[in-house]
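Enquirer: One predicted model, sequence on top.
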Amino acid sequence: MTTLLKLPPLETLHLVVRELEARDADDFTTYMTRADYQRHITLRLSSPQLIRSHVLKAVSRQSMKVRNAYVFAGELKQNARVVADGFLLCHGRLAEVGWGVNPDLWRRGLGSQLARALLAQAFERLECERVWCKVMGANTPSRRLAARIGLKSIKSHPDFPVGGGRVRSVEFFAATAREYFEAAY
């Protein structure tokens with residue numbers, strides 16, 4: 001696996017997907033603390049202080065010589081506001097991917113743009129062989145998004161521990177590098 005200190009940004013139609021910067025905490029606070037955003041995620045950052053700490057920790061990891069965690073901001077090209085977030089957690093040539101979008105901008109294609117950029121980072125820049133994600137069973141839009149970007153449902157778990165003592169139905173999706181590179185655009 002290639003280890004890069006900082007991944008270069010990727011541009012989509014509406015977003016610049018780049019690694020976090022300390023200034024992103026303020027934009028993240030506008031949506032990450034909302035109940036509608038937190039409903040289907042495992043890491044619940046419930047205050048501006050926790051969000052700032054999370055961002056600063058992710059930024060500090062960017063200078064590590066060996067990294068396994070990459071955290072991203074999706075910045076709107078039109079106004080440079082951060083409206084989306086994502087991550088890649090790498091374990092050898094396997095990576096877990098996750099994404100989130102400001103609820104005010106749901107159903108506008110930003111999640112698909114962000115998730116495709118994250119897959120590109122994993123397969124093209126980090127040379128992963130397989131990428132997987134877990135989606136809460138009740139999160140139909142994210143299940144559809146996972147399928148739309150080429151991840152295949154591989155298993156469901158009816159009582160998966162998702163943190164904070166919570167247990168939820170979770171569906172797992174995955175794709176291989178071969179599937180990614182052979183997919184039609």
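Expert: Ah, there it is.
Enquirer: any chance you could map the strands in the protein?
Expert: Under the criterion DSSP state E, strands of the chain are mapped to 10-11, 15-19, 69-76, 82-91, 94-101, 130-136, 152-163, 166-176.
Enquirer: Distance from the chain centre to stretch 39-53, please.
Expert: From the chain centre to the centre of stretch 39-53 is a distance of 14 Å (C-alpha atoms, centre = their mean, to the nearest Å).
Enquirer: The nearest residue to Glu179 once chain neighbours are set aside: neighbour count?
Expert: Nearest residue to Glu179, sequence neighbours excluded (C-beta to C-beta, 6 or more residues apart in numbering): Gly150, at 6.3 Å. In short, each C-beta sits where N, CA and C put it, glycine included. If you count neighbours by other C-beta atoms under 10 Å, Gly150 ends up with 19.
Enquirer: Check Asn79 too.
Expert: Other residues within reach of Asn79 by the criterion other C-beta under 10 Å amount to 7.
Enquirer: residues touching it, list them.
Expert: By C-beta atoms under 8 Å, 6 or more residues apart in numbering, the contact set of Asn79 is empty.
Enquirer: shaky segments in the chain?
Expert: 1-5, 43, 185 (pLDDT under 70).
Enquirer: ok so, going back, my guess is the residue nearest to Glu179 contacts Thr176. True?
Expert: No. Between Gly150 and Thr176 there is no contact under C-beta atoms under 8 Å: 9.9 Å.
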